[in-house]
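J.: Please work out how this folds:
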Amino acid sequence: MHITIAFAALWLLAAASQASAQPYPGVGAGPKLGELEIKAYQKIPKAKTAVQLTSDNHLARELRRQVMIRLSQRGNEVGFSGGNVMRMDVSYYDLLGGNDRSIGTIGGQPDYAPPGSNPRPALPANPIGRRDGLTPSTAGPTLRISLTLYSRDGGKVLWTASGSCTAQAEKSQMAGEAIINRIFDSADKNAAGDAGCPL
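T.: A predicted model of the protein is given here:
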């Protein structure tokens, strides 16, 4: 009986340590905000590299262009298909809602409404926020970039890099280019450190 209790206690301890290692289910640890990490299992081969986006939007396409420029400067032929595949994930989110929202128009007149228009009906006064008791992040709007290079033969991971910056929407492309440039300045070796975020 004591052995069973001891075994159960050890199992719970192991489960708790795994939960603390990964703060949010399904979210990888990755570098801290404002930092980058490069894992070079081998140098980026001088072969053709196809840069593929996991989500297609304007910001991601502009930053993919910067990655392709930096790869071509290394001597790689680049494209959208063929050769080794570099998957690129670009995510930008603002959990605080941003500073550019017009909060004065809910239940009132928007700026573009002509004089004499009927006002909008008031929305229910339900506060938008977390219901789990956790305080929201105060980091501000965040840009995260992850790059993963797979070999053409067998899909083996050859190289990964990721970084993040706090950036307002109008400066997100500049922040992304700074992260990409910092990554490719030392792409051939494992590295961790400052992401080069613009002030």
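
J.: Show the residue spans covered by the helices in the chain.
T.: For the chain, the helices defined by DSSP state H cover 2-21, 58-73, 172-185.

J.: give me the low-pLDDT residue ranges for the protein?
T.: Applying pLDDT under 70 to the chain flags residues 1-29, 96-139.

J.: OK, contacts around R74?
T.: R74 makes contact with 44, 46, 184, 187, according to C-beta atoms under 8 Å, 6 or more residues apart in numbering. C-beta: built from backbone N, CA, C; applies to glycine.

J.: Need phi/psi at it.
T.: phi -80, psi -10 (degrees, to the nearest 10).

J.: Once you drop chain neighbours, what's closest to G163?
T.: L36 (3.2 Å; C-beta to C-beta, 6 or more residues apart in numbering).

J.: My error: substitute S81 in the last question.
T.: A50 (5.1 Å).

J.: Enumerate every residue touching the one you found.
T.: 78-86.

J.: ok, so of the residues you listed, who is nearest C165?
T.: Ranked by distance to C165 (C-beta to C-beta), these are led by M86 at 20.3 Å.

J.: roughly how far apart are that closest one and M174?
T.: Relative to M174, M86 is positioned 22 Å away (C-beta to C-beta, to the nearest Å).
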